[in-house]
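Engineer: Whatever this is, show me its structure:
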Amino acid sequence: MPLLRWIHYQLLFKRLILLIVLFQISRIIFGFTNPSTVSSDYLSIFLAGLRFDITVICIINLPVLLMHVYPSKYSFFAGYQKINSILIISLNSLALLFNYIDTGWFPFIQKRSTIDFFTLISTGDDLQNNIGIYILDYWYLAFFWGLSVVALFYFEKKFRKSINSLTIKNHFLPTHLRLGVAILLIIFGIIGFRGGMQLKPLSIQAAAKMVPSNSIPLVLNTPYTLLKSRDDQLLKEPKFISMDEAKNIFNIHQQTISDTTFNKKNVVLIIMESFSYEYISYYHPAKTITPFLDSLMTVSDSWPNCFANAKRSIEGIPAVLSSMPSLMDQSFINSAYNVSNINSLASILQPHGYTSAFFHGGNNGTMGFDNFTKLAGYSNYFGKKEYDGPSEDYDGHWGIFDDKFFSFMVRKINGFTPPFHSAFFSISSHHPYTIPSDYKNKIPSGLTPTQQGMAYADASLRSFFELAKKQKWYDNTLFIITSDHSGPATVPYTYNRLGAYHIPLLFFDPQHTHSTIHPETAQQTDILPTVLNLLNFSGKYTAFGRDLFASNRGWSINYSNQTWEFITDSSVLQFDGLNTTHYYLRSDSLLMNNLLNSSHTSVDTSSAFLRSILQQYHFGLIHNQILQP
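Structural biologist: Residues are numbered from 1 along each chain as shown. Predicted coordinates for the structure are as follows:
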């Protein structure tokens, strides 16, 4: 009989254990699905993951915890316990759903989702067009999530039965003991809510100090990153370094003075969806995925050590067009700062008589590209709505097939008065990698679906150049080819934080065909200043990058789950906003040996450079001073 007085506390304990087990199971499945996130220190991963799970369980189940703090006669009512069950099942089913969604999405974005996930899926109609195919392809994740929901229903029914079967409904501890236990539960609840007894509440960045960098996404959970990033939609006044120091190290407000006449070459910038270093057969001769791009590299300037500034298209496009990296939780396009004054190749070239256009075969409004390109200064936007071909050219998921939309761009360009700048963003090398029937026999056999999508996109690129060569504007055009971000990883290198951002970059000029391989580190934000240099531009502009032909010391920056990564020709540094957490040599491509505690003078140099960029990025967005005053 005395034990019955503890039954409500026992019930709370059983419920919490159930939730912890279900969250841990979802983590195990995340690790099996994404093995690159698993490191050998299993105990640290388990304990760190447990800490983040307990924190988010306390946060989302706060109403349930409050209903257990001080049992009363109402606690025995069937309706009272049913409310508890409804809250537990609904809140935690939703939380676990986000975990399983991220398990499948992680290979594409290489991080846990943050609050802008909701803005992203509500922008345009891509979600409703593709949700069916995603459920079919990731049915096993839906299955495990369904089992979790069934387990919640089953055990909650069992828990309620243990209360409802009692014949005596007044099993309580004495009042003074109930008050004492309530105080203890509140104290433990606060500790759980804060993620421990440390001075500041547990943060996303704390994961960087607990486990190797590749395991950070594994120990986190998606409900936690969604909730924590909710409060980070507005940037805080930066205190990384003084503005004077920042500009002395690297000034984003740049100016060039050319002693030669401005070269009014046409500029065609082609952004290939999800093209990764690992899929380019020029760098991997055993593969035959991108034969045309390979051939183009033999007559171009190329950078085999180019890294994207983002892992999502909505972040990559501003980096390529406007030299605007993605260094915060929300993409610039969907952030509170998306009306800040920025420049782009279109806005800078417009005073020189350039016509500009952005081509993307996706549904108009997808990811807000139409609004962003208008803000960035592009005078024309051509999407699926403007396409003048037959309806059969729609792939049924994302938009118009690449080869068809490339041809459409040529037709439109032919109506422009030179000089012009055109940016093209492809779509077909994206899950589910749909290939038009007239190209299926042209794709090499034995390829995975992802590789087939890349091969088709490469074939579409070939068809574009074959058509463009016949146009009178071709010879006087500078072509740049890169990617918006890397594609799904399949090898250990591209699963880790360094390789996950590795993409191709080449500059091709039909009048100067040669092959020059530049080994220095490059990034998407270098494209804008490099193009301006090649055109002999004189004037001011803003760029979070460098002219690739003016310096042989390269660098790249990216951001994921509140950790910034700074890549140089010799090292990789990771920074959590306060401290450097990891430092690797570039020769350690799998990021296995953290040398942070070793004496490397370049740690301080890289850290200062990174802080310089972050100081100007945050200050510029907060005060709308990205552009030079």
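Engineer: From now on I want contacts and neighbour counts done on CA atoms only, so please keep to that.
Structural biologist: Fine.
Engineer: Please, which helix or strand holds the nearest residue to Arg160 once chain neighbours are set aside?
Structural biologist: Residue nearest to Arg160 in three dimensions, not counting chain neighbours: Gln81, with 6.2 Å by Cα to Cα, 6 or more residues apart in numbering. Secondary structure assignment for Gln81, by DSSP states H and E: helix 78-109.
Engineer: next one: that helix to chain centre, how far?
Structural biologist: 23 Å (Cα atoms, centre = their mean, to the nearest Å).
Engineer: list the helices and strands it packs on?
Structural biologist: Applying 3 or more Cα pairs under 8 Å, 6 or more residues apart in numbering; DSSP states H and E, one finds that helix 78-109 makes contact with helix 7-33, helix 62-69, helix 139-164, helix 222-229.
Engineer: please redo it, this time with the cut-off set to 6 Å
Structural biologist: Contact analysis of helix 78-109 by 3 or more Cα pairs under 6 Å, 6 or more residues apart in numbering; DSSP states H and E lists helix 139-164, helix 222-229 as its packing neighbours.
Engineer: Extract the residue ranges of the chain that are flagged as low pLDDT.
Structural biologist: 1-7, 70-78, 116, 119-130, 163-176, 178, 205, 231-233, 599 (pLDDT under 70).
Engineer: Which of the helices or strands spans Gly180?
Structural biologist: Using DSSP H and E, Gly180 falls in helix 175-194.
Engineer: let me fix that: Phe406
Structural biologist: Secondary structure assignment for Phe406, by DSSP H and E: helix 402-413.
Engineer: Quick one: distance of the helix or strand that that helix is followed by to the chain centre.
Structural biologist: Per DSSP H and E, the first helix or strand lying C-terminal to helix 402-413 is strand 420-425. Relative to its parent chain, strand 420-425 has a centroid offset of 24 Å by Cα atoms, centre = their mean.
Engineer: again with stretch 185-196
Structural biologist: Its chain's C-alpha centre and that of stretch 185-196 lie 31 Å apart, by Cα atoms, centre = their mean.
Engineer: and the angle from the helix holding Gln81 to helix 7-33?
Structural biologist: Angle of helix 78-109 versus helix 7-33, following axes from the mean of the first three to the mean of the last three Cα atoms, to 10 degrees, is 20 degrees.
Engineer: Next, the buried residues of helix 78-109.
Structural biologist: The neighbour-count check on helix 78-109 (16 or more other Cα atoms under 10 Å) flags 81, 84-85, 87-89, 92-93, 95-109 as buried.
Engineer: repeat for stretch 286-306
Structural biologist: So for stretch 286-306, counting by 16+ other Cα under 10 Å, buried means 288-294, 296-306.
Engineer: contacts for it?
Structural biologist: Outside of stretch 286-306, the residues within contact range by Cα atoms under 6 Å, 6 or more residues apart in numbering are 280-282, 455, 458, 462, 502-503, 505-508, 513-518, 521-523.
Engineer: do stretch 235-253 as well
Structural biologist: Contacts of stretch 235-253 (Cα under 6 Å, 6+ apart): Thr542, Ala543, Phe544, Arg611, Ser612, Gln615, Gln628.
Engineer: That'll do, ta.
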